[in-house]
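*Asks:* make a model of this:
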Amino acid sequence: MVLKHLHMPKNRQPKSARFPQKTPKGLPDRDTLIKHIRDSGETNKAEIAKAFGLKGEDRRALRHMLQDLEAEGALGKRGRRGFAEAGALPEVGVVDVVERDPDGDLLVRLTKGEDTPLVVLAPARKGDAAPAPGMGDRLLVRFVALEGGGPESPKFEAQLIKALGAGGQRLLGVIRKNRRETRVEPVDRRSKDSLIISEHEAEALREGDLVLAQASGREVRYGPQRGKILEVIGREDEPRAFSLLAIHAHGIPTGFSPAAEAEADKAEPPTLKGREDLRDVPLITIDPADARDHDDAVFAQADDDPKNPGGWIVWVAIADVAAYVRPGSALDDTARDKANSVYFPDRVEPMLPEVLSNGLCSLREGENRACMAVRMVFGADGRKRSHRFVRGLMRSAAKLSYEQAQACADGFPDDKTGPIADNIIKPLWAAYACLKKGREARSPLQIESSERRIVIDRAGEVASITPRASLEAHKLIEEMMIQANVSAAETLEQKKTPLIYRIHDTPSPEKVQALVDFLSTLGIAWNKGEAPRTDRFNKLLDETRGGTHADIVNEVVLRTQMQAVYSTDNIGHFGLNLAKYAHFTSPIRRYADLVVHRGLIGALGFGADGLSDRDIAKMSDTAESITFAERRAMAAERDATDRYVASFLADRVGADFRGRITGVTRFGLFVRLDDTGADGLVPISKLGGEYFVHDDRTHSLVGERSGARWPLGMPVEVRLTEATPITGGLLFEMLSEPMAADPNAPRPRLGMRARNDRRPGGGSTGGAAFKGPPRQGKPGRPKGIKNTRKKKNRR
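*Replies:* Modelled structure (predicted):
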């Protein structure tokens, strides 16, 4: 590919000057930088800058060095911001099976690493009953160095951790027919690839069929590839099709094996054998009104110990799933593979069969249930003094919704909550008032988020989209669950038992620096070099809450945070500001919690169904695979929600809506509507008759001529121009005017645009930013760029 350098920005040095013979303070030379990246395996600009102590201009010089090394082919991209030496392999990665070697062994390649080599997939281990992978499958693997390779040319094999489903050679799409051919058009709005189906196969297909297809693999010089149909999964006009699409698109495991179903059907109600009788403790469940499984129950009472005046005792009882899902069983294999339940607007794909998830493991009102419970003692200051775990038999005294419990606490009991108001509801709220003191002293992150509830009618259509209320009842349950989770982690550490932690890393220096740069554009101070702390973030949020910049600051603080993951190595939980944290409270829907339950059972001598040797040996692999499964579930849930929302808005094309800018990119603005929470794109071509430059420092699109700005968080009015339910895509036209230019801000320059403005496909615009069409009554397109717009549209 030939790159034309149409402009050389004034503030960019020629390549030869970026690798100085005598390095400036702290800045590594080319060889030193490559060696550091090689030794790190995979790293990013922030970590490199930290390692060499780079600041200011040196950090900018480092960015140019990395860009040139990537252009030369010495470095390869890893994710959005990461780098590795070209051809380098991570310790763990997602791969596609792409070829077979002459010996018949499968060859795999990283899905995000075109510069990486083909690697042989190691044979299955003895005793592994999982189906053998095949061509086109996507896998989670660990790369292991083999003997015989040197430091400059190591040899690797890929060891299977988990099969993830269909690989990149498969396409989920909808059948579209015309006079000449039958195509599979992708339902993923980010994909532009389609497949042509043979006439023979097309005879059995109908317009609008949802299908899983596979490319033939034969090279096609022009036009779409040929493909074959693997499965017809439904119709695009069927109710509940959108969840089905998300399930197939993301490879969500569905259903249960006959062996797992048989094990679940044989499960029997619990007895007191080996359990403490907790049936006299009036534990209650508080859940969403439409919840079908209930895995946690709570009770609180004032502590009568004279040594703990003003203190409280809080009981949290959790379904004893480990009593039914034993290590090495078919149920266990299925649960580990699924890793979590996946929740769609119209259905749930559960981790456990319904006879357990909604039956024997669900803490139903008035029925005996096996439980793992923790009795926690809190002082008047809200700090936990002690805790004790028991394996018990409980009987729920009441099943309440959040709204019911909250109404009772507010003095509006109904027929069900009235009789338990004084002895159960009021003590729970009093205990929470105590726990809240400890929470406030701990100062976890207080980022606000809004959620929407999609209501599906009996016909499978969206009846309404409403905001979810944030009640004190939600916070009460959340805090009691957090304390139970902490107690589990502390106990397992004390007993020196292996466990899977829930960890959340401190924001990276690069993210914090981006926050500092952004806040400076709002005139908000944040001391450079100040360590990120939850109380400091909360102070910032409190200072801006209710003001003009409240929403945008809340959004940018949220984006500054890292993602929480599961790990066998503990680094604490930054967001909750906790040193030790594990998931214990939801074993019906999360495999991580089941592993923690087994750890407690073994560590405390509660039975023979604790952690197995296999559980311990595979714990690190389990942590990695369930983290992946959690991301997979979140993406599937989001895609299904987007499709249902687009379906709901499809008959309102042409209507005007109020919203807020929630994303600023080089190709347009993402806007979230106030009433439904729907997200859609305003293409840059709909913003007006001048060039717009993406200023990532201020999270804005800025007009090159006028300086007018479209910043993150700006309230706007838009018109819906297109809603495509099959992809979940929404397109808007901007009706609002941009903010006036900031007289104190520098106007965007050609150098900024050439460095920042890239097309979605990755190619530089060569110094020409995206341009919108001229507005009514404004001058036409400037001379010399007539073809730019046409090329952009073709791309």
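
*Asks:* switch to C-alpha atoms for all contacts and neighbour counts from now on
*Replies:* Noted.

*Asks:* model confidence over the host helix or strand of residue 664, on average?
*Replies:* Residue 664 is located in strand 656-665, with elements delineated by DSSP states H and E. Average pLDDT, strand 656-665: 92.

*Asks:* just checking, next helix/strand downstream of it?
*Replies:* Next in line after strand 656-665, if elements are assigned by DSSP H and E, sits strand 668-673.

*Asks:* and that next one with strand 656-665, angle?
*Replies:* 140 degrees (axes from the mean of the first three to the mean of the last three C-alpha atoms, to 10 degrees).

*Asks:* so what does the next helix or strand after strand 668-673 touch, helix or strand wise?
*Replies:* The helix or strand immediately downstream of strand 668-673 is strand 679-683, counting by DSSP H and E. Secondary-structure packing of strand 679-683 (3 or more C-alpha pairs under 8 Å, 6 or more residues apart in numbering; DSSP states H and E): strand 668-673, strand 729-734.

*Asks:* export these to TSV and tack on mean neighbour count?
*Replies:* Below are the helices and strands packed on strand 679-683 laid out as TSV (neighbours: other C-alpha atoms under 10 Å):
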stretch	mean neighbour count
strand 668-673	23
strand 729-734	23
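
*Asks:* which of those sits closest to residue 408?
*Replies:* strand 668-673 (33.4 Å; C-alpha to C-alpha).

*Asks:* contacts for the closest one?
*Replies:* Applying C-alpha atoms under 8 Å, 6 or more residues apart in numbering, the external contacts of strand 668-673 come out as 657-664, 678-685.

*Asks:* hang on, the earlier thing: buried stuff in the strand holding residue 664?
*Replies:* For strand 656-665, the neighbour count (16 or more other C-alpha atoms under 10 Å) marks 656, 657, 658, 659, 660, 661, 662, 663, 664, 665 as buried.

*Asks:* check stretch 289-298 too.
*Replies:* Buried residues in stretch 289-298 (16+ other C-alpha under 10 Å): 293, 294, 295, 296, 297, 298.

*Asks:* please, which helix or strand holds residue 370?
*Replies:* Using DSSP H and E, the element containing residue 370 is strand 368-378.

*Asks:* got the buried residues for the following helix or strand past that strand?
*Replies:* Sequence order places strand 384-395 as the next helix or strand after strand 368-378, per DSSP H and E. Buried positions in strand 384-395, judged by neighbour count with 16+ other C-alpha under 10 Å: 384, 387, 389, 390, 391, 392, 393, 394, 395.

*Asks:* next, count neighbours for the nearest residue to the second one once chain neighbours are set aside.
*Replies:* Excluding its sequence neighbours, the residue lying closest to residue 387 (C-alpha to C-alpha, 6 or more residues apart in numbering) is residue 376, at 4.3 Å. By the criterion of other C-alpha atoms under 10 Å, residue 376 has 21 neighbours.

*Asks:* so what's residue 376 bridging to?
*Replies:* With DSSP bridges as the criterion, residue 376 is bridged to residue 314, residue 387.

*Asks:* now for the helix or strand where residue 233 lies, which elements pack on it?
*Replies:* Using DSSP H and E, residue 233 maps to strand 225-235. Using 3+ C-alpha pairs under 8 Å, 6+ apart, the elements in contact with strand 225-235 are strand 195-197, strand 209-215, helix 241-249.

*Asks:* possible to save the ones you listed as TSV with mean neighbour count and distance to residue 413?
*Replies:* Formatted as TSV, those follow (neighbours: other C-alpha atoms under 10 Å; distance: least, C-alpha to C-alpha, whole Å):
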stretch	mean neighbour count	distance to residue 413
strand 195-197	23	60
strand 209-215	23	49
helix 241-249	23	37
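
*Asks:* for the stretch 351-500 of the chain, what spans make up the helices?
*Replies:* Counting by DSSP state H, counting those that start in this stretch, one finds helices in the stretch 351-500 of the chain at the ranges 354-355, 402-409, 426-442, 472-494.

*Asks:* let me have these in CSV, extended by mean pLDDT and mean neighbour count.
*Replies:* Output for the helices of the stretch 351-500 of the chain, formatted as CSV (pLDDT from 0 to 100; neighbours: other C-alpha atoms under 10 Å):
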stretch, mean pLDDT, mean neighbour count
helix 354-355, 94, 16
helix 402-409, 97, 20
helix 426-442, 97, 19
helix 472-494, 98, 19
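
*Asks:* so which of the ones you listed comes closest to residue 312?
*Replies:* Residue 312 lies closest, by C-alpha to C-alpha, to one member of the helices of the stretch 351-500 of the chain: helix 426-442, at 6.0 Å.
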